[in-house]
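Undergrad: Requesting a structural model of the entry that follows:
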Amino acid sequence: MDNHDKLTMTKSSGNVFKDLGYTNADEHLLKAKFAVVINNIIKEKNLTQTEAANILGIDQPKVSKLVRGILSGFSIDKLIVFLISLNQDIEVNVKPHKNKRMNNFDSHFSLHYIPGAAG
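TA: Numbering: from 1, shown residues only. Presented below is the predicted three-dimensional model:
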């Protein structure tokens, strides 16, 4: 490898959408986290896309988009409704952040999925 082939690395901000220059990067990250959880539940329940569509109240092509991470047609509110439709309990806890200034959105938000916890 000569000097022309040197690799450079850039440290991530922790949000790939921000790193790629997306507007509303924090919203994109939050939606992606919810979509991952929804997709995990669909897999765990061994649902077909058609079965998932019936449960979620949408058509199968929209489930396909959700599974593939195409989230532009889904609001955060709608993704939360999907979780409820999949019989999931959702808890929101608000508390002061340990760091007084905001470093990045992801350091202020966490989403934890506990498989099978609700029985």
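Undergrad: end-to-end on stretch 45-63?
TA: 15 Å (C-alpha to C-alpha, to the nearest Å).
Undergrad: And stretch 15-34, by the same measure?
TA: Start-to-end, stretch 15-34 (C-alpha to C-alpha) is 15 Å.
Undergrad: Output the below-cut-off pLDDT ranges for this structure.
TA: 1-4, 100-109, 117-119 (pLDDT under 70).
Undergrad: all helices of the chain, in order?
TA: 16-19, 25-44, 49-56, 60-67, 76-85 (DSSP state H).
Undergrad: residues in contact with the shortest one?
TA: Contacts made with helix 16-19 from outside it, assessed by C-beta atoms under 8 Å, 6 or more residues apart in numbering, are listed as Thr10, Ser12, Ser13, Ala25, Asp26, His28, Leu29, Ala32, Asn104. Backbone N, C-alpha and C define where each C-beta goes, glycine included.
Undergrad: Give the PyMOL command for selecting the buried subset of these.
TA: Of these, the buried ones can be selected in PyMOL as follows, counting by 16 or more other C-beta atoms under 10 Å:
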select buried, resi 25+26+28+29+32
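Undergrad: Name the nearest of the contacts of helix 16-19 relative to Ser110.
TA: For the contacts of helix 16-19, the closest approach to Ser110 (C-beta to C-beta) belongs to Leu29, at 11.7 Å.
Undergrad: residues in contact with Lys31?
TA: Lys31 touches Leu71, Phe74, Ile76, Leu79, counting by C-beta under 8 Å, 6+ apart.
Undergrad: do that again at 10 Å, thanks
TA: Phe17, Asn24, Gly69, Leu71, Ser72, Phe74, Ser75, Ile76, Lys78, Leu79 (C-beta atoms under 10 Å, 6 or more residues apart in numbering).
Undergrad: Give me the distance between the closest residue to Ile80 other than its chain neighbours and Gly21.
TA: Spatially, and ignoring its direct neighbours in sequence, Ile80 is nearest to Ile90 (6.4 Å; C-beta to C-beta, 6 or more residues apart in numbering). Between Ile90 and Gly21 the computed distance is 31 Å (C-beta to C-beta, to the nearest Å).
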